[in-house]
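A.B. asks: From the sequence below, what's the structure:
(2 chains)
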Amino acid sequence: MEALSNLIGGFSVLGDPMNIVYMFVGIGLGVLIGVLPGLGGANGVAILLPLTFSMSPVSAIIMLSSIYWGALFGGAITSVLFNIPGEPWSVATTFDGHPMAQRGKAGEALTGAFTGSFLGAFIAVLLITFLAPVIAKFALQFGPAEFFAVYLLTFCSFVGMGRESPFKVLAAMTLGFALAAVGIDTVTGQLRMTFGSTELLRGFDFLVAVIGLFGVGEILLTMEEGLAFKGKSAKINAKVVLETWKKLPAMWVGALRSAAVGCWMGITPGGATPASFMSYGLAKRFSKNGKNFGKGELEGVVMPEVAAHAAGTSALLPMLTLGIPGSPTAAVLLGGLLIWGLQPGPLLFVEQKDFVWGLIASIYLGNIAGLIVVLTTVPLFAAILRIPFSVIAPIILVICAVGAYTVHNAGLDIAVMLIFGVVGYIFKKLDYPLAPLVLALVLGDMAESSFRQAMLVSQGNIGIFWSNPLVGSIVTLALAMLFWPLITKVKERLMGGPRPAAAE
Amino acid sequence: MAIESEKSEHTVTTRTMDIVVALLFMGVAALVMADSWRIGARWASDGPQAGYFPFYVGLIMFLASVGTLATNLFTKTPNLSNFVDREQLGSVLKVLVPTIVYVVLINFIGIYIASMIFIAFFMWWLGKYSPMVIVPVAIGVPAVLFVMFEIWFLVPLPKGPIETALGY
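C.D. replies: Numbers count the residues shown, from 1 in each chain, chains lettered A, B, ... in the order given. Got it, this is the predicted structure:
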């Protein structure tokens, strides 16, 4: 019940009317970002981060997290109306959303998507409210070895759970670590990989990398598809909304299943995108209407949205309690916390109660506000999408350049952003995952210092990672994740064929 | 990136690109390992040296890229699909090249004027808009940025001689 009283305290932080204004501004910007190609949750937040340096941390995080909620909602609009997923996690929404729009049921599909999003987020934030304080309290006893073990688990699960080739996941991830190491070593003060350049002393900022990889890279990919957008129009009125809401209660089993998938994938860094695919697949297999999936079934729109939003929201749980983000956007928010002088991790719940519970309370309100905003403004955002790409693209590129520059007031960063953009384009075409790269770039220094501290404590004995049951089981789990692709392959060989095994 | 200059949609296969990128990764990994070794990647009396962690990061990157390389070289079902169609590559370069010019321009004439030229050029070249549409957008967007950053949030953006002449 302590969580409840803390939550009420959090809502009182929101009593400040300015914070409510920031919330609506954030959601509006977020939906816009989610709708536009080339601007997504991660780089949208990264571009706007410098603007919040002058705000109080509470207001800043409320605005930035609202942008995130807005982007999660906004992705659905383009998926349904234009068959273009505004965000990777809305790809699964296009499968049934666009066919529905073609049959003139766009309003119904959008209402289903938005309500599904809201439901997923709501379940995930309930989980955060009650689980986060427990995990934080538990994590207070963590030493460097335990923290390194959790980092290891985070990164190994990318290898074990990613759809991409494990070699490519590892290569992308280590590239992130290597880029994070560039600059002055924080422990010894030595210069690492600067090759005599003073510009490299600063190292690579992950915000610049995020803007390049996700922003510029996405624009280049979109250009491949050509310049034309052809969309369906949407009419949403109260009647359509109510009609759709009447159909939703029948889907509660599937919705709970999708929310569970989403929460799990969000906490472990699987992320919203695989969660939405997985829940679509599960719904297709278990639903009575499964055979209609792909032809425009409302359930096929709702389920991936529930999972995507649950994953997107629950990605904040490990970010707040352990300082380990579950998604690139959560990583950018974490970068924000560091800039405002807040150290994410278990101590945050002790030292910055107002901040943490203000944020959690804002997730509740932000999603309610988000639902209202998107339901009422869909025609407006659909109109924005009809602006041709040859107008939108240069404006987005200008905004990306401004965002990259403002991170450090460095002109060179704009060029670095452009290089990351080309890298992002090639990586996406070759199925190198971007999320582990970004997370390694953010967490590289912290993972390294926890590793070195642990090594100092144990005098270089690797046995410290099995010195107690807790750290031992996390490290063992991490190694199992790391070698998971290998294990499954060996098992297939032994079983004599690529049969999906029923056993663990 | 070597793009062959034959007159067809074919450029390079995905497999070739995969191999090239894996080789680039191996090069980066070798660089990381070499530099880490230079500053010391072993165990000193006071704990791991500065290059200890990056060295092993480089090593993993190297081995993983060898893995990608090997799978692409020895697979029975190579991905021989086209990495990017000629026409697609053309559209991508149509954005990329002006953007490179734009980034270079920023360093000389500031971000506001460069953005005006960039947006106007883009709309004129790819969108074929009339000046009646181009001018308001090309001037409006940088103007909004100016008000937002320089005046509202007090974040200075790169400025060139023209802004200086105007007193900023």
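
A.B. asks: okay, the closest residue to chain B within the stretch 351-500 of chain A: pLDDT?
C.D. replies: Here the stretch 351-500 of chain A gets closest to chain B at one residue, A:S390, 3.3 Å apart by CB to the nearest CB. Every C-beta, even on glycine, is put in place using the N, C-alpha and C of the backbone. At A:S390, the predicted lDDT confidence score is 81.

A.B. asks: Spatially nearest residue to it, not counting backbone neighbours?
C.D. replies: In this structure, A:S390 finds its nearest non-sequential neighbour in B:G127, 3.3 Å apart by CB to CB, 6 or more residues apart in numbering or on different chains.

A.B. asks: which residues touch the one you found?
C.D. replies: A:P388, A:S390, A:V391 (CB atoms under 8 Å, 6 or more residues apart in numbering or on different chains).

A.B. asks: and what of B:F149?
C.D. replies: A:V402, A:T406, B:V155, B:P156, B:L157.

A.B. asks: Minimum distance to chain B, which residue of the stretch 1-150 of chain A gives it?
C.D. replies: Using CB to the nearest CB, A:L51 is the residue of the stretch 1-150 of chain A that sits closest to chain B, at 5.2 Å.

A.B. asks: So which of the contacts of B:G127 are in strands?
C.D. replies: The subset of those located in strands under the criterion DSSP state E is empty.

A.B. asks: Weed out the non-buried ones from these.
C.D. replies: Of the members of those, the ones counted as buried by neighbours, 16 or more other CB atoms under 10 Å in any protein chain shown, are A:S390, A:V391.

A.B. asks: Is it possible to get CSV of the contacts of B:G127 that adds distance to B:S36?
C.D. replies: Formatted as CSV, the entries for those read as follows, by distance: CB to CB, whole Å:
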residue, distance to B:S36
A:P388, 49
A:S390, 46
A:V391, 47
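
A.B. asks: Nearest to chain A within chain B, name that residue for me.
C.D. replies: With distances taken as CB to the nearest CB, chain B approaches chain A most closely at B:G127, which sits 3.3 Å away.

A.B. asks: number of nearby residues for the residue nearest to the residue of the stretch 1-150 of chain A closest to chain B when sequence neighbours are not counted?
C.D. replies: If the residues on either side of it in the chain are set aside, A:L51 comes closest to B:F153, at 5.2 Å by CB to CB, 6+ apart. For B:F153, the neighbour count with other CB atoms under 10 Å in any protein chain shown is 16.

A.B. asks: Tell me which residues touch B:L80, please.
C.D. replies: With contacts defined as CB under 8 Å, 6+ apart, the neighbours of B:L80 are B:T13, B:T14, B:R15.

A.B. asks: Sketch out the low-pLDDT regions of chain B for me.
C.D. replies: Using pLDDT under 70 as the threshold, the predicted model of chain B has low-confidence ranges B:1-9, B:46, B:168.

A.B. asks: So which residues of it form strands?
C.D. replies: If DSSP E is used as the criterion, the strands of chain B fall at B:43-44, B:47-48.

A.B. asks: Comparing the ones you listed, which comes out most buried?
C.D. replies: When neighbours are counted by mean count of other CB atoms under 10 Å in any protein chain shown, the highest per-stretch mean among these falls to strand B:47-48, a mean of 18.

A.B. asks: from memory A:G345 sits against A:T321, does it?
C.D. replies: Yes. Here A:G345 lies in contact with A:T321, judged by CB atoms under 8 Å, at a distance of 7.4 Å.

A.B. asks: for chain B, what are the nearby residues on the stretch 51-200 of chain A?
C.D. replies: On the criterion CB under 8 Å from any CB of the partner chain, chain B has as its neighbours in the stretch 51-200 of chain A the residues A:51, A:54, A:165-168, A:170-171, A:174-175, A:177-178, A:181, A:185, A:187-188, A:190-193, A:195.

A.B. asks: Please list only the buried members of these.
C.D. replies: Among these, those buried by neighbour count (16+ other CB under 10 Å) are A:51, A:165-168, A:170-171, A:174-175, A:177-178, A:181, A:185, A:187-188, A:191-193.

A.B. asks: one step back: contacts only, for the residue of the stretch 1-150 of chain A closest to chain B.
C.D. replies: When contacts are counted by CB under 8 Å, 6+ apart, A:L51 touches A:T406, B:F153, B:V155.

A.B. asks: Please apply the same query to A:A139.
C.D. replies: Per CB under 8 Å, 6+ apart, neighbours of A:A139: A:E146, A:T321, A:L322, A:G345, A:P346.

A.B. asks: Identify the farthest-apart pair in these.
C.D. replies: When those are compared pair by pair using CB to CB, the farthest-apart members prove to be A:E146 and A:T321, with a separation of 13.0 Å.

A.B. asks: Those two: who's more crowded?
C.D. replies: A:T321 (26 against 20).

A.B. asks: mind checking which helix or strand that one is in?
C.D. replies: Element membership of A:T321 [criterion: DSSP states H and E] is helix A:316-322.

A.B. asks: Quick check on B:G40: phi, psi?
C.D. replies: Dihedral angles of B:G40 (phi, psi; degrees, to the nearest 10) stand at phi 110, psi 110.

A.B. asks: what's the burial count for the residue nearest to it when sequence neighbours are not counted?
C.D. replies: Among residues not flanking B:G40 along the chain, B:Q49 sits closest, at 3.6 Å (CB to CB, 6+ apart). B:Q49 has 21 neighbours, counted by other CB under 10 Å.

A.B. asks: pretty sure B:Q49 contacts B:R38?
C.D. replies: No. Look at B:Q49 against B:R38 with CB under 8 Å: they stay out of range, at 10.8 Å.

A.B. asks: now the helices for chain B?
C.D. replies: Remark: helices assigned in chain B by DSSP state H are B:14-39, B:52-74, B:86-125, B:131-146, B:161-165.

A.B. asks: quick one on the thing from earlier: among the strands of chain B, which comes closest to B:A29?
C.D. replies: Distances from B:A29 to each of the strands of chain B were compared by CB to CB, and the smallest falls on strand B:47-48, at 19.5 Å.

A.B. asks: Relative to that closest one, what are the paired strands and their orientations?
C.D. replies: In the sheet containing strand B:47-48, its partner strands are strand B:43-44 (antiparallel), by DSSP bridges.

A.B. asks: Identify all contacting residues around the strand it pairs with.
C.D. replies: Among residues not part of strand B:43-44, those counted as contacts by CB under 8 Å, 6+ apart are A:G460, B:Q49, B:Y52.

A.B. asks: okay, now the domains of chain B?
C.D. replies: Using automatic domain parsing, the domains assigned to chain B come out as B:14-74, B:86-165.

A.B. asks: which of those is buried the deepest?
C.D. replies: Ranked by mean neighbours (mean count of other CB under 10 Å), the domains of chain B are led by domain B:14-74, with a mean of 18.

A.B. asks: Now do the end-to-end distance for that one.
C.D. replies: With CA to CA, to the nearest Å applied, domain B:14-74 spans 15 Å between its terminal residues.
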